[in-house]
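A.B. asks: what follows is a predicted structure for the sequence shown.
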Amino acid sequence: MSADPETPLRADAQRNRDQIIAAARVIFASHGPEVPMEEIARAAGVGVGTLYRRFPDRDALIRAVAVDNFAGVLDNAKRLSVEAPSAWEALVQLLYHGAELQLSMQLAMLSQRAHEILKDDPEVAHLREAVLLEVDDLVVRAQAEGALRKDVGAGDVAVVFARIVRQLPAHRLKTPELATARSIAIMIDGLRAGPVTPLPGRPLGKDDLI
């Protein structure tokens, strides 16, 4: 049986849980959530039995990673909103903070299995909405600053970023981190205010995402 998530864990059990989630986050982001559980256990430095004591099945692990990851993205977005010198700079830094945001996009938008697991989960839905609200606020403020083009919305930012992180498998690139960073830089230049090619239709907002 797995431990009740509301019951405080012993220090060693909590450490194992944290190691498993950290390993799963890295593997899910680069290879998706279908990676064998044995590989996740090996990356976490724990036995398969330990993994299954903490997370009885893949669905439970995907949910735990999603909650942990969305919470981290939300904390970072709120911090940047306050500490960054402008909303535009906060948005840029959030996009460059690629590891957590990439995994959020993998789980929320790119993986059909993860989407099916998470779509009706109230905690994940609350965190996802909170992240999108923060992005929406940064988009509106950055447009008011004159730094972000006026014809995009938070949904556009999320969709374009999701398409960027749907990258080639790591083994097909000599420097996958560099490739992603360069793609994000190209995306950011496309978001800047200035002479731009008009976009078709209307801006996509957070409510356009399902």
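C.D. replies: Sure thing, it's come through. Numbering: from 1, shown residues only.

A.B. asks: which residues are in contact with L91?
C.D. replies: 135, 138-139, 142, 148, 157 (Cβ atoms under 8 Å, 6 or more residues apart in numbering). All C-beta atoms are positioned from the backbone trio N, CA, C, and that covers glycine.

A.B. asks: list the buried ones in the helix or strand hosting it?
C.D. replies: When elements are assigned from DSSP states H and E, L91 belongs to helix 87-96. When neighbours are counted by 16 or more other Cβ atoms under 10 Å, the buried residues of helix 87-96 are found to be 87-92, 94-95.

A.B. asks: go through these and name the one nearest V35.
C.D. replies: Distance to V35 across the buried residues of helix 87-96 (Cβ to Cβ) is lowest for L95, with 25.5 Å.

A.B. asks: retrieve the pLDDT associated with that closest one.
C.D. replies: At L95, the pLDDT value in this model is 86.

A.B. asks: around L80, count how many other residues there are.
C.D. replies: Each residue near L80 was counted by other Cβ atoms under 10 Å, and the total is 19.

A.B. asks: list the contacts of the residue nearest to it when sequence neighbours are not counted.
C.D. replies: What sits nearest to L80 in space, not counting adjacent residues and going by Cβ to Cβ, 6 or more residues apart in numbering, is A90, at 4.0 Å. Applying Cβ under 8 Å, 6+ apart to A90 gives the contacts 77, 80-81, 83-84, 138, 142.

A.B. asks: okay then, goodbye and thanks.
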